[in-house]
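In: need a structure here:
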Amino acid sequence: PGILLIAIASGISYTAYRLFLDKQRGIFERFHTMPISRSTLLWGHVLTSLVSNAISVLVIILVALIMGFRSPAGILSWLAVAGILALFTLALTWVAAIAGLSAKTVDGASAFSYPIIFLPFISSAFVPTESMPSVVRAFAENQPVTSIVEAIRALLSGQPVGNDIWIALAWC
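Out: Now for the predicted structure:
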């Protein structure tokens, strides 16, 4: 789950970059002169981000399956995982849109994603939170990535999800 979230965070930084370039090149002004909704260009970027991130996630899952990953999860659990990842992608893509439209430089447009990429490393994605120092543990247990990782991990391992899925959906 941590690798999937890192891949999504990396993918949405490209959305901010593309939006920044479109704003700098005057694409928005050109589209505003056409008889289309003002949000069409933004939705185009959001849907492109969802599709490209879905492809990335599928490639990661295929590689994991080739490497020997097996899950006892049923189709509903896999659909729930896909839904959580899609909501996570959608939420972060809109944050990327804000960053891309308000940035002053190309670096500023994509720099917002660095903390998001870093969050899985301070979560339960790679190390159990019980083994962390108390300050790091407190942060790790109360940040959104831990809930999302735990929900996905439980769904894929066929375990009861508990409240993690509701917390993950609330963060998304």
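
In: any regions of the chain where pLDDT drops low?
Out: 164, 168, 171-172 (pLDDT under 70).

In: for it, just list every one of the helices.
Out: Taking DSSP state H as the criterion, the chain carries its helices at 2-25, 27-32, 40-67, 75-102, 106-111, 113-118, 134-141, 144-157, 164-171.

In: can you redo those helices as TSV with distance to P128?
Out: The way it works is simple: take the backbone N, C-alpha and C, and place the C-beta from them, glycine included. Compiled in TSV, those are given as follows (distance: least, CB to CB, whole Å):
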stretch	distance to P128
helix 2-25	12
helix 27-32	46
helix 40-67	20
helix 75-102	21
helix 106-111	30
helix 113-118	19
helix 134-141	10
helix 144-157	11
helix 164-171	14
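
In: for those, give me CSV that also has mean neighbour count.
Out: Converted to CSV, the helices of the chain look like this (neighbours: other CB atoms under 10 Å):
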stretch, mean neighbour count
helix 2-25, 21
helix 27-32, 12
helix 40-67, 15
helix 75-102, 18
helix 106-111, 17
helix 113-118, 16
helix 134-141, 13
helix 144-157, 22
helix 164-171, 17
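
In: looking at those helices, which is closest to F126?
Out: Ranking those by proximity to F126 (CB to CB) places helix 2-25 first, at 5.6 Å.

In: now do the closest one and helix 75-102, the angle between them.
Out: Here the directions of helix 2-25 and helix 75-102 differ by 30 degrees (axes from the mean of the first three to the mean of the last three CA atoms, to 10 degrees).

In: direction-wise, compare helix 2-25 with helix 40-67 and give the angle.
Out: On the basis of the same axes, to 10 degrees, helix 2-25 is oriented at 150 degrees to helix 40-67.

In: packing partners for helix 2-25?
Out: If contacts are counted by 3 or more CB pairs under 8 Å, 6 or more residues apart in numbering; DSSP states H and E, helix 2-25 sits against helix 40-67, helix 75-102, helix 106-111, helix 113-118, helix 144-157.
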